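**Student:** can't give you the sequence, but here's the structure:
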Ligand SMILES: Cc1ncc(C[n+]2csc(CCOP(=O)(O)OP(=O)(O)O)c2C)c(N)n1
Ligand code: SF4
Ligand SMILES: [Mg+2]
Ligand SMILES: [Zn+2]
């Protein structure tokens, strides 16, 4: 209930492929989802809704997909780890193959 | 199609990189369509090839995902054949301003009533981050082995010079503002262009959301900014002002409406002055055959229509006189 | 007694009124019931270079081929005489401007050096001088009547009387040509007036002035009147359409219900779009026919892709082009195949590669059009042998495109495009419009429904339904799918539609056998070689008693392999010969590939000039009576 771990923090940005680790937007360091610190701020539905409204999507680290509607946001938020930012690995730019 | 309560979002999984500016554009489109209550069966999104080109598959209106650079010609054919349709083009910067630049310019000359939305991410997303025509000289984004040796096009200035009569810029992560611009562009009669600043999280590490977040400001915040040409006499000064503003690209980057000209005829109007019956009778709704599967032109009509090319033979020997 | 058939050349510098002469003369001849076929030869140039009209006139039938030598050569300038004097038959007539008689070949700047040196060499061996006067003298010695008239004197009078602006002199030079041709052919002045009236319709002054010229010509050349008098026409038509191939295709497009045509200007296709624009909408007895929206696009890429867009919105839609433009359209063609779009490309071939011979004809793009575009998909390629065929084939092209939902290439050429013919009026009672529109089944609409090879097609904008299209491989809805199972089904569907075309199109529309079905040899060709081929068969029978048939391959893809094999098996021809305006005579390779038929002999012409009767007959004789397998013909300047 009072899980003040990074995974529930508004400043946590999970890695796209390994969401258990990620980046802390406050300290700009690598953290794990089970870390915690004094700057913890629980991510709220309002945080997510405001990002959704402004940027058009939020990220569900549990499902590994972007959500673009309020309904989806609310459904996933009940039990999934939602974030406003995601860490895009440097390797993607190098390793992915071109398309179309 | 009943537009009340329709969901404009299709069930196709959106496979853009998480955090991509395209999400902001897609959401703004969905909201704009909903707000305008567009009939999905009378709305067509036409796209080119690129990450941006996939957009129509995510929207529950007619979608035509075309060739690299060619969305505008496809859209033109669709719109001219059925002028009742609302036609919106989505394309990348490589698509619309590189391989398809000729079509982009030509649409301005025609002032055909369609909307062109440019997904301006500075790179060729889907082919892995090569420099696009909007990437400034000497810039080295992540995937480029060496800095860019070509200069950037200014899309706003190009659109104005080409003759677009609605020219605006939005930012993918200013959803509400972008949605309103899309609505205005759709409502505008004539060729409308929206330059949408679109962070590419994977390949463009220069023009990021942090970069834009600090710089973009809204033109309309300036009380004296009036981009609308209401009288042909205002055209040149307003054009020049808009182009001048479009050069601003360093500490501050303007978004909003740059230029609107309501004094220029649309292509549909020009056609209608020539064809008279157009757009009421148009290629999509005019009849071409009878119930017996004959052409609407029968032998008698044929002679009337093409009489200029028909010679009535008048042979001397038979003593016939010319008819 | 007079002539029942003869050939004429009218020549002069490009832009000097030749076109007008040809139109007026054709109309005047048609008015008196004669059949004509007139080829227009010209350089890629706006003004100054030599151009000419090569015309066959007949009182017995509508001519099908062009022939040399000609009975009459009318020249507006010395270059025309130099270029064509060898084409004049003994006993024929030359009309020329006597003010140019001292001109020498070397003094003609517009003439190409290679022609000059060929001529000078030939004249030298004959011991004839290089000036016009020496040439006319030589012609007279061959029994050719040379009529020198002073264009200058006629025009001077005209300028004095009517105060004509010298800038519009060409309008009158053409009058001299038309009038002298009429006088020699024994056409009366009423017919001539008719010719002028139809060309200068709405400009009565020009008609009067040209009739004034006719009076002068009649006075000056009185003694030659009727020297080439045509027999009264036996052709039994009350009405004749006088039109070029471009015109005929445009007319047929309008009849077939074309509603969108895009084009980027290119010779020899652009005139078709001009014509369409002129007739874009007609209001008759309160009903509207049309409109055809004709758009000059920024390039051929936009032309094909906007035509595809219009087709998606439900319009019968087409574009017209030539080789360079078609090359640019190919990616769009592939998209149309992928998305099963009914669109028609009217393809007028000209001489390639590259800009090649931009104003000359060819059939060298057969393989390029049959095999154009990446990936495998159904497309249909059809061709037309003459003006009337082109009319019906244009309608067929749209019917096939819509019924089977695929792109159709209608492969024509510059010869047909630019030649004028007298054509019997088509009978529209026998023309069917087939759109292949089946009712859309209730429930969720799937544009690429796999239940049938041809899925129910609904245009964009159909109330209550939406659809997607994509050039990527897709599922039944038109959404991107790379699933191998779905890929196999979709990919096969698009290709296998071609089997339907192959099975359902009547054999007569795919291939036509001309002749009595049997014989010693079989000549195979397609498109505009038809007329010369048919007439050459007649000549061969007359001269050698060998009998043969001509097989006109109308549908080039899917290739009518069963039908062709059947004809050949049935008749057991000893010799099969292919003829084509190309180097490779590529129809032979296509037949080998698609039907396993070996065609042993080939007759080729690739000068850009049309195959004429005499040279084809000779070439046929050569391959029929020897082991020679490949003959190149090249007559005509
Ligand atoms: C004729 C052609 N050339 C090249 C390609 C390969 N290609 C696919 S997407 C693309 C560039 C996409 O960049 P952009 O238009 O900026 O779209 P983005 O992916 O950035 O949205 C290219 C070159 C193609 N599909 N077609
Ligand atoms: S590559 Fe760039 S533009 Fe394409 S989806 Fe990813 S972030 Fe978006
Ligand atoms: Mg891009
Ligand atoms: Zn989830």
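**Tutor:** Happy to help now that I have it. This structure is a prediction, so every number in the text was calculated from the model and none was measured. Numbering: from 1, shown residues only, chains lettered A, B, ... in the order given. Ligands and ions are numbered 1, 2, ... in the order given.

**Student:** after the longest helix along chain B, next one along is what?
**Tutor:** Scanning chain B for the helix with the most residues, using DSSP state H, yields helix B:21-36. Using DSSP states H and E, the helix or strand that follows helix B:21-36 in sequence is strand B:43-47.

**Student:** ok, and what's touching that following strand?
**Tutor:** B:29, B:33, B:53-56, B:59, B:61-66, B:71-72, B:74-75, B:78, B:85-91, C:309, C:460-461 (Cβ atoms under 8 Å, 6 or more residues apart in numbering or on different chains). Bear in mind the C-beta positions are built from the backbone N, C-alpha and C, glycine included.

**Student:** what do you get if the cut-off is 6 Å, keeping everything else the same?
**Tutor:** Outside strand B:43-47, the residues that touch it by Cβ atoms under 6 Å, 6 or more residues apart in numbering or on different chains are B:53, B:55-56, B:59, B:61-65, B:71, B:74-75, B:78, B:85-90, C:460.

**Student:** Could you do stretch B:116-127 as well?
**Tutor:** By Cβ under 6 Å, 6+ apart, stretch B:116-127 touches A:98-100, B:50-52, B:89-90, B:92-94, B:96, B:129-130, B:132, B:134-135, B:141, B:155, B:193-198, B:200, B:203-204, B:207.

**Student:** returning to what we had before: same for the longest helix of chain B, what does it pack against?
**Tutor:** If you count contacts as 3 or more Cβ pairs under 6 Å, 6 or more residues apart in numbering or on different chains; DSSP states H and E, helix B:21-36 packs onto helix B:175-187.

**Student:** and the angle from the helix it packs on to helix B:21-36?
**Tutor:** Angle of helix B:175-187 versus helix B:21-36, following axes from the mean of the first three to the mean of the last three Cα atoms, to 10 degrees, is 60 degrees.

**Student:** average pLDDT for helix B:175-187?
**Tutor:** Mean pLDDT, helix B:175-187: 98.

**Student:** tell me the angle of that helix relative to strand B:43-47?
**Tutor:** Going by the same axes, to 10 degrees, helix B:175-187 makes 110 degrees with strand B:43-47.

**Student:** what's near enough to touch residue C:514?
**Tutor:** Per Cβ under 6 Å, 6+ apart, neighbours of residue C:514: C:534, C:550.

**Student:** what's the domain layout of chain C?
**Tutor:** Domain assignment for chain C by automatic domain parsing gives C:5-224, C:242-430, C:438-505, C:511-632.

**Student:** out of the contacts of strand B:43-47, which are inside helices?
**Tutor:** B:71, B:74-75, B:78.

**Student:** Just name the closest of those to chain A, please.
**Tutor:** Distance to chain A across the ones in helices among the contacts of strand B:43-47 (Cβ to the nearest Cβ) is lowest for residue B:71, with 13.4 Å.

**Student:** residues near the closest one, how many?
**Tutor:** 34 (other Cβ atoms under 10 Å in any protein chain shown).

**Student:** The residue nearest to residue A:4 when sequence neighbours are not counted and ligand 3: what is the separation?
**Tutor:** Of all residues not flanking residue A:4 in the chain, residue A:40 sits nearest, at 4.6 Å (Cβ to Cβ, 6 or more residues apart in numbering or on different chains). Residue A:40 sits 38 Å away from ligand 3, going by Cβ to the ion, to the nearest Å.

**Student:** Residue C:210 too?
**Tutor:** The value you get for residue C:210 to ligand 3, if Cβ to the ion is used, is 63 Å.

**Student:** element containing the residue in chain C positioned nearest to ligand 1?
**Tutor:** As assessed by Cβ to the nearest ligand atom, ligand 1 sits closest to residue C:331 within chain C, at 6.2 Å. Using DSSP H and E, residue C:331 sits in helix C:323-338.

**Student:** Let me know whether that helix sits next to chain A.
**Tutor:** No - judged by Cβ under 6 Å from any Cβ of the partner chain, helix C:323-338 stays clear of chain A, getting no closer than 13.2 Å.

**Student:** what sits up against that helix?
**Tutor:** B:67, C:264, C:266, C:300-301, C:304-305, C:308, C:343, C:347, C:352, C:365, C:372-375, C:377, C:379, C:407, C:471.

**Student:** In contact with residue C:457, which residues?
**Tutor:** Residue C:457 touches residue C:405, counting by Cβ under 6 Å, 6+ apart.

**Student:** helix/strand/coil for it?
**Tutor:** coil (DSSP: H, G, I helix; E, B strand; the rest coil).

**Student:** Over to residue C:487?
**Tutor:** Per three-state DSSP, residue C:487 ends up helix.

**Student:** Quick check, pLDDT for the closest residue to residue C:298 other than its chain neighbours.
**Tutor:** Spatially, and ignoring its direct neighbours in sequence, residue C:298 is nearest to residue B:106 (3.9 Å; Cβ to Cβ, 6+ apart). Looking at residue B:106, its pLDDT stands at 98.

**Student:** can I assume residue B:106 sits in a helix?
**Tutor:** Yes - counting by three-state DSSP, residue B:106 is part of a helix.

**Student:** what's the burial count for it?
**Tutor:** Neighbour tally, residue B:106, other Cβ under 10 Å: 20.

**Student:** which secondary structure element contains residue B:199?
**Tutor:** Using DSSP H and E, no helix or strand contains residue B:199.

**Student:** Now do the strands in the stretch 351-500 of chain C.
**Tutor:** For the stretch 351-500 of chain C, the strands defined by DSSP state E, counting those that start in this stretch occupy C:357-361, C:380-383, C:407-413, C:420-424, C:468-470.

**Student:** thinking again about what came up before, please render the ones in helices among the contacts of strand B:43-47 as CSV that adds pLDDT and distance to ligand 4 to the earlier fields.
**Tutor:** Shown next, in CSV, are the ones in helices among the contacts of strand B:43-47 (pLDDT from 0 to 100; distance: Cβ to the ion, whole Å):
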residue, pLDDT, distance to ligand 4
B:71, 98, 33
B:74, 99, 36
B:75, 99, 36
B:78, 98, 37
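
**Student:** What's the local residue count around residue C:425?
**Tutor:** 17.

**Student:** quick one, what contacts it?
**Tutor:** Contacts of residue C:425 by Cβ under 6 Å, 6+ apart are C:239, C:241.

**Student:** Tell me which residues touch the residue of the stretch 101-250 of chain C found nearest chain A, please.
**Tutor:** Residue nearest to chain A within the stretch 101-250 of chain C: residue C:249 (36.8 Å; Cβ to the nearest Cβ). When contacts are counted by Cβ under 6 Å, 6+ apart, residue C:249 touches C:272, C:346, C:390, C:394.

**Student:** for these, which one is nearest residue C:585?
**Tutor:** Of all the contacts of residue C:249, residue C:390 has the smallest distance to residue C:585: 22.1 Å, by Cβ to Cβ.

**Student:** The residue nearest to residue C:298 contacts residue C:299, correct?
**Tutor:** No - here residue B:106 does not reach residue C:299: they are 8.5 Å apart, not a contact under Cβ atoms under 6 Å.

**Student:** Break down chain B into its helices, ranges please.
**Tutor:** Using DSSP H, helices in chain B cover B:21-36, B:71-81, B:93-94, B:101-110, B:155-162, B:175-187, B:209-215, B:235-246, B:267-275, B:299-305.

**Student:** The residue nearest to residue A:4 looks like it's in a helix, true?
**Tutor:** No - checked against three-state DSSP, residue A:40 lies outside a helix; its state is coil.

**Student:** What's the separation between the residue of the stretch 101-250 of chain B at minimum distance from ligand 1 and residue B:257?
**Tutor:** Relative to ligand 1, the nearest point of the stretch 101-250 of chain B is residue B:125 (3.0 Å; Cβ to the nearest ligand atom). Counting by Cβ to Cβ, to the nearest Å, the separation of residue B:125 from residue B:257 is 27 Å.

**Student:** Fine by me, we can end here.
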